[in-house]
Every structure is written in structure tokens, then in C-alpha cells.
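*Asks:* next input, structure requested:
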Amino acid sequence: MEKVKALLKRKDIVFSAHRYGIDALGAMAQGLFASLLVGTILSTIGTQLNLPIFAEIGGYAQSVSGSAMAVAIGGALHCPPLVLFSLVAVGYSANALGGAGGPLSVLVIAIVAAELGKAVSKETKIDILVTPCVTIFAGCGLSMLIAPAIGAAANSLGIVIRWATEQQPFWMGIVVSVLVGVALTLPISSAAICATLSLTGLAGGAAVAGCCAQMVGFAVMSWKENKVGGLVSQGLGTSMLQMGNILKNPRIWLPPTIASAITGPIATCIFSIQMNGPAISSGMGTCGLVGPIGVYTGWVSDVASGAKEAITAFDWVGLLLICIVLPAVLCWALGLLFRKAGWIKDGDLKLD
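*Replies:* Got it, this is the predicted structure:
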């Protein structure tokens, strides 16, 4: 047992929720962002502005999303070069065989393949052959065995959430908006969660509302302390920057969370905001305006397929209210109320 512990320590193999549930999951979201999401944005620009080169480049980026996710996971797990490069094939196979639940398949299988590759790395004189073979065989073999089942399970859960949101748009609008919004601010990846569950449709719209409420809410609520820099870093970056302050005073988290509970059902019941673009966009909020852009690309696709007649002024008003105006107004008002009540004090929202 001591030898095994020594090997794991020497190989930097750490079995922990933080390593896999935060580091690897967060990295996977970045890989998905840098491939599928950016590719979708470029393709949309190319289609809307009649720029074929943008559409073509976007298609290339979208096609390598599985490999990008796996390599990102490998980077988070501190894989040596031969393991990292071998994960390209692992990610491709896991994503392709995982279907709609491909991201979850990539997460599970890439972690296993990466750790096995790390375990044998530089242990033989023919490392150039052994390490890639072990990593690729383990990863692709697992993909063939379990990726379809993992993908089906993730997709089924996503279907249940989407179905429940359509049946109960008010209550599920609140639940999805609050939970995904909270996940966005926590040091985990809401984008990866939405991607693994294929969270689209009305449920995706509620998720967008919750994420925007957190980001825009904290940005506006902390204007007194952080000014323009805080507005940009939180409103277009991430509300995760406030986690340190939340630990010191959890009450500062209430206004954005209350706002998400309000905007979620408004998004589902009044404006029928749907995420019919990439599922990862549902968990991005206003980070680079990816959430609103995802809703827009969904509109474009729906119009092209005939599912939607046209993009209306009502659509734009709803998107603007849900993603920016309502979160800003609600959190400004609630923040002011909390400051007067003494629940939030000057400096509580200050970013270092």
C-alpha cells in the first residue's frame, strides 16, 4: 500500500473531488468554449454577414470540440506531453460515441485515460510507444464500452429537466435559474454542467437568466466599491470573483440569487426565452455576451429551419430585459435595501 501511495504521489495522481469536479470540469468548459462555442459564434457571423471564410473556420473549430475538451482536462491534471497529446484521440472518440451527452463522456473517460497514462509515463525505455498506446487504448476502449451509456444517461437527465420546465415553466424557471446561477458564481463550471446535460430549450433560457442575474447583479451592486473595472470584470467576466467576499459575508449573495428567482420564470413564462444554440451557452451568462449570443444563434437556426417565422422586437426586448435590465435594476434596488438594513457594509463587495 505504501508503494502505491508513493507511486501516486510521484505521478501527481490525486483522487479528489476538487481535482476532478472543479479543476478538470472547469478546464473542460474552457476547452469546449475554445472550440464548439467560438466555432458557433464564427459560423454565425459568417452566415449573417455572408463571409464564407468565417463559417468555414467556425466549422473546423466545432469539429474538434471533443479533442479540445480532453486536452484541456489533461492540462488540468498536469499530464506529461505524451499523455496530453494522446488525449486528442481519446477526446474525439468519447465525444463522438457519447452523442448528445458527449461532454460528460469526455470528462469521465479523459480523466481515466489521463491518470493511466500518467501512471506508466517514463516508466519504460520505450516510453515513446508505451505511454501513447496505454493512454489511447484505454481511452478509446472505454469510449467504445461506456461512452454511449454515459451519453444516454446525461441526455436523459437533460430531457427530464427540459420536459419538466415545459410542464411547469414557472417553478422550474425558478429552480433552474437559481441553481445554475449559483453554480456560475461557485468555483465550479456552470457552462460544463449545462453542456453535459444538454440544457437547452426553455430550461436553457432559465439558466441564461440565472447566470446573467449573478454577473450583472454583482457588477451593478458593487459599483460603489469597484467602479468601471468591477463592472467589466464581473459583468463580462465572471461573478466568481466575489467568492472570497461571499465567504466573509454570505448575505451579499442574496440580491443576485433573489433576482435570478425573479428573472427565471419571467424568461420562461412571459418571453419564452429559449437556448436553441449550443448548450454550453446556457451556463455562460454575460461572459463575453456568450449567453445572449447563444439565444440569438438559436433564433437564427430556428428561422432557417422554419421553426420560427422571424426574430421580433418582442424577442429583443425580452432578451435585453432578462439578460441586462432586470438583473441590474433588481440587484441595485436590493443592494440598496440591504445596505440600509446593515446587511451589506461599505467594502463588503470590494474586489482585490
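*Asks:* mind jotting down where the strands sit in the protein?
*Replies:* Secondary structure of the chain, counting by DSSP state E: no strands present.
*Asks:* so, low pLDDT: which residues of the stretch 51-200 of the chain?
*Replies:* Within the stretch 51-200 of the chain, no stretch has pLDDT under 70.
*Asks:* distance check, residue 149 against residue 97.
*Replies:* Counting by C-beta to C-beta, to the nearest Å, the gap between residue 149 and residue 97 amounts to 10 Å. Placement of C-beta: from N, CA and C, glycine included.
*Asks:* more neighbours: which of those two?
*Replies:* When residue 149 and residue 97 are compared for neighbours, residue 97 comes out ahead with 22 against 13, by other C-beta atoms under 10 Å.
*Asks:* quick one: the more buried one and residue 141 touch, right?
*Replies:* No. If you go by C-beta atoms under 8 Å, residue 97 and residue 141 don't touch, sitting 11.2 Å apart.
*Asks:* and the spatially closest residue to residue 196 that is not a sequence neighbour, what does it touch?
*Replies:* Once its chain neighbours are removed from consideration, residue 196 has its nearest residue in residue 104; the separation is 3.9 Å (C-beta to C-beta, 6 or more residues apart in numbering). When contacts are counted by C-beta atoms under 8 Å, 6 or more residues apart in numbering, residue 104 touches 98, 150-151, 153-154, 196-197.
*Asks:* out of the residues you listed, which end up buried?
*Replies:* The neighbour-count criterion (16 or more other C-beta atoms under 10 Å) marks 98, 150-151, 154, 196-197 among those as buried.
*Asks:* for the residues you listed, which one is nearest residue 128?
*Replies:* Proximity to residue 128 was ranked across the buried ones among the contacts of residue 104 by C-beta to C-beta; first place goes to residue 98, at 29.5 Å.
*Asks:* can you redo the buried ones among the contacts of residue 104 as TSV with distance to residue 111?
*Replies:* Formatted as TSV, these follow (distance: C-beta to C-beta, whole Å):
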residue	distance to residue 111
98	14
150	12
151	16
154	15
196	13
197	18
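*Asks:* got the buried residues for stretch 90-108?
*Replies:* 90-95, 97-108.
*Asks:* what's the span of that stretch from first residue to last?
*Replies:* 11 Å (C-alpha to C-alpha, to the nearest Å).
*Asks:* for stretch 256-276, same thing?
*Replies:* Start and end residues of stretch 256-276 are separated by 25 Å (C-alpha to C-alpha).
*Asks:* show me where the stretch 201-350 of the chain has its helices.
*Replies:* Using DSSP state H, counting those that start in this stretch, the helices assigned to the stretch 201-350 of the chain run over residues 201-221, 223-235, 243-248, 254-265, 290-305, 313-320, 326-341.
*Asks:* for those, which one ends up most surrounded?
*Replies:* Relative to the other members of those, helix 201-221 carries the highest mean neighbour count by mean count of other C-beta atoms under 10 Å, namely a mean of 32.
*Asks:* by contact count, what packs against the lengthiest helix in the chain?
*Replies:* Across the chain, the longest stretch assigned as helix under DSSP state H is helix 127-167. Secondary structure elements in contact with helix 127-167, counted by 3 or more C-beta pairs under 8 Å, 6 or more residues apart in numbering; DSSP states H and E, are helix 81-98, helix 102-120, helix 169-185, helix 201-221.
*Asks:* among these, which is nearest residue 49?
*Replies:* For residue 49, the closest of these is helix 201-221, at 24.1 Å, according to C-beta to C-beta.
*Asks:* could you give the angle of the closest one to helix 127-167?
*Replies:* Computed by axes from the mean of the first three to the mean of the last three C-alpha atoms, to 10 degrees, the angle separating helix 201-221 from helix 127-167 equals 100 degrees.
*Asks:* what are the C-alpha coordinates of helix 201-221, in PDB please?
*Replies:* What follows is helix 201-221 as a C-alpha-only set of coordinates in PDB (Å, rounded to 0.1, in the frame of the first residue of the first chain):
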ATOM      1  CA  GLY A 201     -34.800  25.000 -24.800                       C
ATOM      2  CA  LEU A 202     -36.800  26.800 -22.000                       C
ATOM      3  CA  ALA A 203     -34.600  25.200 -19.400                       C
ATOM      4  CA  GLY A 204     -31.600  26.700 -21.200                       C
ATOM      5  CA  GLY A 205     -33.300  30.100 -21.200                       C
ATOM      6  CA  ALA A 206     -33.900  29.900 -17.500                       C
ATOM      7  CA  ALA A 207     -30.200  29.000 -17.000                       C
ATOM      8  CA  VAL A 208     -29.200  32.100 -19.000                       C
ATOM      9  CA  ALA A 209     -31.400  34.200 -16.800                       C
ATOM     10  CA  GLY A 210     -29.900  32.900 -13.600                       C
ATOM     11  CA  CYS A 211     -26.300  33.400 -14.900                       C
ATOM     12  CA  CYS A 212     -27.000  36.900 -16.100                       C
ATOM     13  CA  ALA A 213     -28.600  37.800 -12.800                       C
ATOM     14  CA  GLN A 214     -25.400  36.800 -10.900                       C
ATOM     15  CA  MET A 215     -23.000  38.500 -13.200                       C
ATOM     16  CA  VAL A 216     -24.800  41.700 -14.000                       C
ATOM     17  CA  GLY A 217     -26.200  41.800 -10.500                       C
ATOM     18  CA  PHE A 218     -22.900  41.700  -8.700                       C
ATOM     19  CA  ALA A 219     -21.400  44.100 -11.300                       C
ATOM     20  CA  VAL A 220     -24.000  46.700 -10.600                       C
ATOM     21  CA  MET A 221     -24.400  46.100  -6.900                       C
END
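*Asks:* fine, thanks again, bye for now.
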